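Trainee: I'd like to go over a predicted model; first the sequence, then the structure.
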Number of protein chains: 2
Amino acid sequence: MKIISDPYVLKEYLKSKRERIGFVPTMGALHDGHLSLIKNAREKCEVVVVSIFVNPTQFLKGEDLESYPSKIDADSKICEIAGVDVLFLPQVKDIYGEDEVRLQAPDVRGYVLEGATRPGHFNGVLTVVNKLLNIVNPDYAFFGKKDAQQLNLIMLMVKQLFMSVEIVAVDTVRESDGLAMSSRNVYLSTEERKDALKIAASLREATKLITQGERDVRVIQEAMLQILKPLEIGYVAILSREFEYIESLRVGESIILVEVLVGSTRLLDNIWV
Amino acid sequence: MKIISDPYVLKEYLKSKRERIGFVPTMGALHDGHLSLIKNAREKCEVVVVSIFVNPTQFLKGEDLESYPSKIDADSKICEIAGVDVLFLPQVKDIYGEDEVRLQAPDVRGYVLEGATRPGHFNGVLTVVNKLLNIVNPDYAFFGKKDAQQLNLIMLMVKQLFMSVEIVAVDTVRESDGLAMSSRNVYLSTEERKDALKIAASLREATKLITQGERDVRVIQEAMLQILKPLEIGYVAILSREFEYIESLRVGESIILVEVLVGSTRLLDNIWV
């Protein structure tokens, strides 16, 4: 496995490749969710590039940028074992300069849900993903469905800016008890870990209702809120795959999203139904 | 000459090209300045693509979007004679959708000079140039030095977003009396046309002073203002090539920029000294 930290060196190195390039951008603290992204890239592409970069511009003031879990040695080992060809480890100064051109998330879709709780967050996400995609210039880039809004906005950016990459959406990986894998799960105490299971439980309840034929968004939402009630709820939203609010759920075209605060840890989950 | 209006058709068509692609984005109403850009592209590249697109997002409310000179038949003929291979004529709906991801000009360099007079103008410029560069994916893109701040910001965008194109800066072309070529020159009455010559005269005066050894920015500025005084002056600025204000001019590293309003027509000019 090649380890490269200079963006220009990486860009030059990959430019000569004629094989298909698959790219998995991460913020490190790799777990089975990331491994699934890498596995998908491995199956589809001859060259697999993983980046680890804790992107400062997507953290708001007071968020967990300083404490965001970092374990670069373990991550590097994981990548090597997973068959990654190139590990890209840029420093902040390699990616950002002064007085910069930035990406701006769309006024509506960039400022609902996560974008409402964390205004400006997606500007930082789109800016760094735009830069990383331009550095790596991959045929395919792999993102998890767990960060559904991020995925939606990245797909939107690629389409609206006519970028040359195909975005591949990869299913959420869960712990055996149903908790969606997240680098932030390490923040949870034993007690909080138990509380967090209500998220998956609420999504299972939604699935059950839909299987029984329920299509009314308010009814499904209400049932989920009953389960999530003991927690501090960010949002429970049922949207079209284009992230528009809907009144009646259409199977195969909808997403149900949950954000809760467990202790001081913000947890996201969703199902694509 | 191939004429294409669908961005996806153009992108697909150019993807198969193995030769060097040169790109000249324009807003039409082509004059000798544009021809010089095309000639530069012709010399450097096997495939020359010209786009004509009057980009609505770079016009502020109340500006001349509706009346911007358009003469597509003449432009098309000019391109054909100049040996252009592909003329790209997208419609607004092909380039822009609803609720869009946009580019944001840098807080400092994007909001001085033209950016101060026309706040938000460069957001629109960068957004459309980003899209066009992603559609055409050229090896080289050609921009005139006349729009020096635009050129500076586009170069900055390419660098900061790690884009894969090389930007080529092409010298300003002038009428025989010294007026810099501009599509907006057609707005000028005979009287205004005469007034507009003071711009080139002020730049010649600056050149003379510098040749005589003058390096004090305030002295050069003052001499220029004396000449421009009868006109409504937007700015007279002497900057480094990185668009930073300087006190003492360094030959080979500076730009002198002028913006004046002649009648209701905004005219720009500059020299790279």
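Mentor: It's in.
Trainee: Helices of chain A, residue ranges please.
Mentor: A:7-15, A:32-44, A:72-81, A:92-95, A:114-117, A:121-136, A:148-160, A:190-211, A:217-228 (DSSP state H).
Trainee: and those helices, which one is worst for confidence?
Mentor: Comparing mean pLDDT across the helices of chain A, the weakest is helix A:114-117, with a mean of 93.
Trainee: CA atoms only for it - export them in PDB, please.
Mentor: C-alpha atoms of helix A:114-117 as PDB (Å, rounded to 0.1, in the frame of the first residue of the first chain):
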ATOM      1  CA  GLU A 114     -28.700  18.200   9.600                       C
ATOM      2  CA  GLY A 115     -28.300  21.400   7.700                       C
ATOM      3  CA  ALA A 116     -30.800  23.100  10.100                       C
ATOM      4  CA  THR A 117     -29.100  21.800  13.200                       C
END
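Trainee: That helix close to chain B?
Mentor: No: Helix A:114-117 stays out of contact with chain B when judged by C-beta under 8 Å from any C-beta of the partner chain, the minimum separation being 11.9 Å. The C-beta positions use only the backbone N, C-alpha and C, and glycine is treated the same way.
Trainee: surely A:Ala196 meets A:Arg266?
Mentor: No: counting by C-beta atoms under 8 Å, A:Ala196 sits too far from A:Arg266 to count as a contact (11.0 Å).
Trainee: Those two: which is more packed in?
Mentor: Under the criterion of other C-beta atoms under 10 Å in any protein chain shown, the comparison of A:Ala196 against A:Arg266 puts A:Ala196 first, with 25 against 19.
Trainee: Stretch A:237-256: which residues count as buried?
Mentor: Of the residues in stretch A:237-256, A:Ala237, A:Ile238, A:Leu239, A:Phe243, A:Ile246, A:Leu249, A:Ser254, A:Ile255, A:Ile256 count as buried by neighbour count, 16 or more other C-beta atoms under 10 Å in any protein chain shown.
Trainee: oh, I was asking about stretch A:32-42
Mentor: Buried-residue list, stretch A:32-42, by 16+ other C-beta under 10 Å: A:Gly33, A:His34, A:Leu35, A:Ser36, A:Leu37, A:Ile38, A:Lys39, A:Asn40, A:Ala41, A:Arg42.
Trainee: Ok, stretch A:258-273 next?
Mentor: Neighbour-count burial for stretch A:258-273 flags A:258-260, A:262-263, A:265-271, A:273 (criterion: 16+ other C-beta under 10 Å).
Trainee: and it, how far from the chain's centre?
Mentor: On the basis of C-alpha atoms, centre = their mean, to the nearest Å, stretch A:258-273 sits 12 Å off its chain's mean C-alpha point.
Trainee: Format the CA atom coordinates belonging to it as PDB.
Mentor: Taking C-alpha atoms only, stretch A:258-273 is exported to PDB below (Å, rounded to 0.1, in the frame of the first residue of the first chain):
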ATOM      1  CA  VAL A 258     -33.800  10.100  12.500                       C
ATOM      2  CA  GLU A 259     -31.400  12.300  14.500                       C
ATOM      3  CA  VAL A 260     -31.200  12.100  18.200                       C
ATOM      4  CA  LEU A 261     -28.900  13.400  20.900                       C
ATOM      5  CA  VAL A 262     -27.800  10.700  23.300                       C
ATOM      6  CA  GLY A 263     -26.000  12.400  26.100                       C
ATOM      7  CA  SER A 264     -23.900  14.800  24.200                       C
ATOM      8  CA  THR A 265     -23.500  12.600  21.200                       C
ATOM      9  CA  ARG A 266     -25.400  13.300  18.000                       C
ATOM     10  CA  LEU A 267     -26.500  10.100  16.300                       C
ATOM     11  CA  LEU A 268     -28.000   9.600  12.800                       C
ATOM     12  CA  ASP A 269     -29.800   6.800  11.200                       C
ATOM     13  CA  ASN A 270     -32.200   6.200   8.300                       C
ATOM     14  CA  ILE A 271     -33.800   3.500   6.200                       C
ATOM     15  CA  TRP A 272     -34.500   3.700   2.500                       C
ATOM     16  CA  VAL A 273     -38.000   2.300   2.000                       C
END
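Trainee: Good, we can wrap up now.
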